[in-house]
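Participant: starting from these lines, generate the structure:
(2 chains)
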Amino acid sequence: MDSFNFSIDLPVRSDWANVDLLRTSVQNCVTAVFSDIEGCRALAMVTGELIENAIKYGDWSRTEDHRFHLRVWGEGRSAHVSVENPVNGDAHAEEVLETLGWMRRYASPGDAYRAKLLEVAAAAREPGNSKLGLVRIAYEGNCTLTAEIARGMLRIQAELTV
Amino acid sequence: MQALVVGDLRIEALDDDASSAVRLLWKGKSNNRHPAEALAPYFREVLATAGRRQQPLELHFEDLEHFNSSTITSIIQLIQDARARGIKLVLVYDHALKWQKLSFDALRVFVKDDLLELRSA
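Facilitator: Residues are numbered from 1 along each chain as shown, chains lettered A, B, ... in the order given. Next up is the predicted model:
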């Protein structure tokens, strides 16, 4: 991608319909700015997967305002996607951190992704709890992922070097 | 066979007796929160048809705009079910689309023999 500074910063309602609305909106926005169509599509995929996780695993019981925070921004030759949502306890957040640590044990995101596909095939996990989305972000999105938990909020951030 | 329409996803079935395979054409976007709820029973029906006719099952993704990771899980389940039934499964994708190339190249991890083929359109 070319090098530009841009920012999208939204408090998003945790309705599933917003996943594709935002994925396509982000794709359309960055496509209007950058010439790298494949890079824009990857950024959109990363956004979609992170938003899906926020809605699926966020704790929406605590407040009436069921929103998570989405930021998508570019600085120089890096693009970032950050999603922050409330969580109930540390269980899901710890699973995210565990998955990120697991990925780092592999020589490449591709190796980790293929291992996760085999794990999905073999495991008896309930659908939707495989963490395949996070590993897909790292592989297909060519991203570095970080996560932090603070004051009942989980923030996952993906960085793409373009 | 009837088409499957789930939200933004439409899967058209081409299964006339003259064809050499049962073909499913994926169109739109597969972004459902629980895609297996609709895909799993549809895949069972399609596998039964392919089994009766002793034909391979081809899934065509070239015109698909996007699928989420939950859909990938459903495709993995189909790969396993087709293999368990001895039905050849062919996944056809557009290698010129980077996201499809990456996704389907990774699924080659399940290719053990002729029962699963990943084909670039």
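Participant: alpha carbons only for contacts and neighbour counts from here, please
Facilitator: Fine.
Participant: which bits of chain A sit near chain B?
Facilitator: For chain A, the residues in contact with chain B (CA under 8 Å from any CA of the partner chain) are A:16, A:20, A:38, A:41-42, A:48-49, A:52, A:110, A:113-114, A:117-118, A:120-121, A:127-128, A:132-133, A:136, A:140.
Participant: list only buried entries from those.
Facilitator: Neighbour counting by 16 or more other CA atoms under 10 Å in any protein chain shown classes A:20, A:41-42, A:48-49, A:52, A:110, A:113-114, A:117, A:120-121, A:128, A:132-133, A:136, A:140 among the residues of chain A next to chain B as buried.
Participant: sorry, back to before: which of the residues of chain A next to chain B fall within helices?
Facilitator: Among the residues of chain A next to chain B, the ones falling in helices (DSSP state H) are A:20, A:38, A:41-42, A:48-49, A:52, A:110, A:113-114, A:117-118, A:120-121, A:132-133, A:136, A:140.
Participant: which stretches of the chain have low pLDDT?
Facilitator: Answering for chain A, as no chain was given. Residues of chain A that meet the criterion pLDDT under 70 lie in A:1-3, A:124-128, A:162.
Participant: my question was about chain B, not that one.
Facilitator: Ranges of chain B meeting pLDDT under 70: B:16-17.
Participant: sec struct for B:Arg23, please.
Facilitator: When classified by DSSP: H, G, I helix; E, B strand; the rest coil, B:Arg23 comes out as strand.
Participant: how about residue 78, nearest residue that isn't a chain neighbour?
Facilitator: Because you didn't say which chain, this covers chain A. Nearest residue to A:Ser78, sequence neighbours excluded (CA to CA, 6 or more residues apart in numbering or on different chains): A:Thr161, at 4.6 Å.
Participant: my bad, the chain I had in mind was chain B
Facilitator: B:Phe43 (6.9 Å).
Participant: what about that neighbour, helix or strand, and which?
Facilitator: Assigned by DSSP states H and E, B:Phe43 falls within helix B:36-53.
Participant: quick check: A:Met153 touching A:Val83?
Facilitator: No. Counting by CA atoms under 8 Å, A:Met153 stays clear of A:Val83, with 10.1 Å between them.
Participant: neighbour count winner among the two?
Facilitator: Between A:Met153 and A:Val83, counted using other CA atoms under 10 Å in any protein chain shown, the more crowded position is A:Val83 (23 against 19).
Participant: beta-bridge partners for the nearest residue to that one once chain neighbours are set aside, please?
Facilitator: Using CA to CA, 6+ apart and skipping the chain neighbours, the partner closest in space to A:Val83 is A:Leu70 (4.7 Å). In this entry, A:Leu70 is beta-bridged to A:Leu10, A:Val83, by DSSP bridges.
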